[in-house]
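A.B. asks: Turn this into a structure:
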Amino acid sequence: MSFSIAFQKLIVVERGYSNHPSDTGGKTMYGITEAVARAHGYGGEMRDLRLETARDIYRAQYWDTLRLTDIAALSYPIAEEVFDTGVNMGIGHAGRFLQRALNAFNRQQKDYADLIADGVVGPVTVWALKAFLDRRGKDGEIVMLRALNAQQGERYLQITENRPANEDFFYGWLLKRVT
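C.D. replies: Next comes the predicted model:
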């Protein structure tokens, strides 16, 4: 159920077909790049990628890899944020943002040990999130979302400064992704 809700929200942002000249991802359909579609066995024209195929790719490549069912059981808003970041920036960045924030919130390792910020969300990362939320409660969820968004916004600024063509997307990224 959680994945379905997150997917429906994502599709509103990603919409249909795109082949923007400034987008290094090239041809995309529903936000799925041609490279990702091919890696998942899709061989057709990107314009013809079915919504169901996009959903299956999003579930396998992003939701399941980032252990977002486990995270959603602790906090659906955090799972949704990590999912959206993973889709737009890659799962490594999404996982690292979560791990870095957890490290900064562990009260100098009093609540749990520092995580290796490798971007791989495994059981230790999920456990640390649970420990953080158990200690901090609803306010912790709000603060974690702010920490994730702060890192996401900084990353968008960095990639825009490093590649001026990304100025075509910067405003929209902040409007639709950093929320």
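A.B. asks: Please parse this structure into its domains.
C.D. replies: 1-63, 65-179 (automatic domain parsing).
A.B. asks: Let's have those in TSV, adding mean neighbour count and mean pLDDT.
C.D. replies: Where you see a C-beta, it was placed from the backbone N, CA and C, and this is true even at glycine. Below are the domains of the chain laid out as TSV (neighbours: other C-beta atoms under 10 Å; pLDDT from 0 to 100):
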stretch	mean neighbour count	mean pLDDT
domain 1-63	15	95
domain 65-179	17	96
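A.B. asks: where's the residue in the chain sticking out farthest from the centre relative to residue 135, distance?
C.D. replies: Computed with C-alpha atoms, centre = their mean, the residue of the chain farthest from its C-alpha average is residue 110, at 27.8 Å. Residue 110 sits 9 Å away from residue 135, going by C-beta to C-beta, to the nearest Å.
A.B. asks: Same check on residue 22?
C.D. replies: 43 Å.
A.B. asks: Quick check: phi and psi on the residue farthest from the centre of the chain?
C.D. replies: Per-residue torsions, residue 110: phi -80, psi -30 (degrees, to the nearest 10).
A.B. asks: please begin residue numbering at 93 from this point
C.D. replies: Sounds good: first residue 93 from here, last item residue 202.
A.B. asks: after the longest helix along the chain, next one along is what?
C.D. replies: Longest helix of the chain, by residue count under DSSP state H: helix 215-254. Per DSSP states H and E, helix 215-254 leads on to helix 259-268 as the next helix or strand towards the C-terminus.
A.B. asks: what angle separates that next one from helix 215-254?
C.D. replies: Angle, helix 259-268 to helix 215-254, by axes from the mean of the first three to the mean of the last three C-alpha atoms, to 10 degrees: 140 degrees.
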